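Trainee: Just the structure for this:
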Amino acid sequence: MHAHPLEARMARIEGAFDQINECLGSIDRRFESVDRRFDRIDSRFNWLTGIVVGTWITMMATQITTILTIVAHG
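Mentor: From the prediction side, this is the model:
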C-alpha cells in the first residue's frame, strides 16, 4: 500500500527534475547566444582599434617626414 504513494512522489520529483533540466538548458543556450554576440563585438572592436592605430602611425610618419624635409631644406 505504501509503495504506490512513494512511486507517485518519485514520478513528481522526476518530472520536476526534467522541467529544471529544460529551464537550465534554455538558459545555457541564451548564454551561448550572448557569448557569440560578445565575440562579434570583440572582433569589431579589434578591427576598429587596428584602423585607429594604423591612422595614427600614418599621421605620425607624415609629420616626421614633413619635419625632416623642412629641416633638410631649411
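Trainee: CA atoms for contacts and neighbours, from now on please.
Mentor: Noted.
Trainee: quick one: low-confidence parts of the chain?
Mentor: 1-3 (pLDDT under 70).
Trainee: in it, which residue is closest to the centre?
Mentor: Centroid check for the chain by CA atoms, centre = their mean gives residue 38 as the closest residue, at 2.3 Å.
Trainee: how close does that residue get to residue 31?
Mentor: 10 Å (CA to CA, to the nearest Å).
Trainee: Same check on residue 56?
Mentor: For residue 56 relative to residue 31 (CA to CA), the value is 37 Å.
Trainee: again with residue 58
Mentor: Counting by CA to CA, the gap from residue 58 to residue 31 is 40 Å.
Trainee: just residue 53 next, same as before
Mentor: 32 Å.
Trainee: Distance from whichever strand or helix holds residue 45 to the middle of the chain?
Mentor: Per DSSP states H and E: residue 45 is located in helix 3-73. Helix 3-73 has its C-alpha centroid displaced from the chain centroid by 1 Å (CA atoms, centre = their mean, to the nearest Å).
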